[in-house]
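S.K.: I would like to see how this sequence folds:
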Amino acid sequence: MGFTNLKESLGPSPKRCLTVAWGLDSEVLLACREALDQGFLAGVTVTAPPDQVKTLAEEVGLNLDGFSIRPAETPEEGASEAVRLIREGQCDLLMKGGLQTSVILRAVLNKERGIRAQELLSHVAVMELPTGRLALLTDAAMNIKPDLYQKQLILDNAIRFAWSIGLKHPKAAVLASIETVNPQMQDTIDAACLTLMGKRGQFTKPATVDGPLAFDNAYSLEAARQKGIESEVAGQADIFMVQDITSGNLLYKALTYVAQLSIAGVVVGASCPIILTSRADSAPSKLNAIALACQALAGS
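M.R.: Next up is the predicted model:
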């Protein structure tokens, strides 16, 4: 299943409403327009100065039918208002507009008025592999250098998300630079611990976890065979888990710009999926992220 199949499987739904925090981003608004036109969103609420939204829409030839605008004077106010709409059940999905990621996350994590649902928020990037199937990469954008406990939470978030988009009993590869456990390399020890956690059912939903695995043998069955690695995950991973944000960000951008894979990103662990795209992402990429969040909402 690729992004095209995912969007086709959604079908029209009158229930999904999305709010864009500080929606002064033409690519975000165009992606929302397309999602409305394709029928997997019923409405879009934008928080921002109304005059600026209307001017931006005129500049890019955007039809605002199906949009509503909630006035906000600053990005911080826009983020707080968007989160309030989610918290009060007026909207189902939250999307980052033209504001800094830190601003929207502060509103999401606010102890009194936020929408945190899990102990830890993490980023999941979903990529369409050359074979046409979808796979997950986590965490390339949120948690800088997680310890073992945080890695357990990150992997648990990814496993639950995989189930929500239809990847049942996912196979998760915990990546490292080598495939053997080296006492001097903490990442390999953590990977082995996560593997054992998977075998003992310590994640919310069933998954097959294996690591440490280097990316080549996690991705390629032939590479695993050449190295003599026997694994249920090697060459067929549904989830690629990195050890820190640096390795995750490098891999994410290499897959996007060098391999030119279609990738969409969301943040999980809040009361709804948070569509957190880069300013450099195209409108089609942002549309994929919206579709992904809709599917996760339907499957949760």
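
S.K.: for the protein, what are the low-confidence residue spans?
M.R.: The chain contains residues with pLDDT under 70 at 11-14.

S.K.: for the residue nearest in space to the middle of it, helix, strand, or coil?
M.R.: Centroid-nearest residue in the chain, with CA atoms, centre = their mean: residue 266, separated by 2.4 Å. Classification of residue 266 using DSSP: H, G, I helix; E, B strand; the rest coil returns strand.

S.K.: What number of residues are in the vicinity of the nearest residue to it once chain neighbours are set aside?
M.R.: In this structure, residue 266 finds its nearest non-sequential neighbour in residue 273, 4.6 Å apart by CB to CB, 6 or more residues apart in numbering. Where C-beta positions appear, they are placed from N, C-alpha and C, glycine not excepted. Per other CB atoms under 10 Å, the neighbour tally for residue 273 reads 27.

S.K.: go on, the one 3 residues further on?
M.R.: As a burial measure, the neighbour count of residue 276 was computed by other CB under 10 Å and equals 22.

S.K.: same question, residue 201
M.R.: Count around residue 201 with other CB under 10 Å applied: 10.

S.K.: quick one, phi/psi of it?
M.R.: phi 70, psi 40 (degrees, to the nearest 10).

S.K.: Would you mind measuring from the residue nearest to the centre of the chain to residue 171?
M.R.: Per CB to CB, to the nearest Å, residue 266 is found 20 Å from residue 171.

S.K.: Next: residue 50.
M.R.: Noted for residue 50: a distance of 48 Å to residue 171, by CB to CB.

S.K.: Comparing these two, which residue is more hemmed in?
M.R.: residue 171 (22 against 13).

S.K.: Wait, that one touches residue 207, no?
M.R.: Yes - counting by CB atoms under 8 Å, residue 171 does reach residue 207; the two are 7.2 Å apart.

S.K.: shared neighbours, these two?
M.R.: residue 239 (CB atoms under 8 Å, 6 or more residues apart in numbering).

S.K.: tell me the domain ranges of the chain?
M.R.: Per the record, the chain has its domains at 3-117+270-299, 122-258, by automatic domain parsing.

S.K.: Tell me the span between the first and last residue of the longest one.
M.R.: To tie it back to what came earlier, the one meant is domain 3-117+270-299. 16 Å (CA to CA, to the nearest Å).

S.K.: Secondary structure of residue 197: a helix, I assume?
M.R.: Yes - secondary structure of residue 197 (three-state DSSP): part of a helix.

S.K.: how many other residues sit next to it?
M.R.: Residue 197: 18 neighbours (other CB under 10 Å).

S.K.: Run a quick neighbour tally on the residue lying closest to it once chain neighbours are set aside.
M.R.: The spatially closest residue to residue 197, leaving aside those adjacent along the chain, is residue 152, at 6.3 Å (CB to CB, 6+ apart). Around residue 152 there are 19 other residues, counting by other CB under 10 Å.
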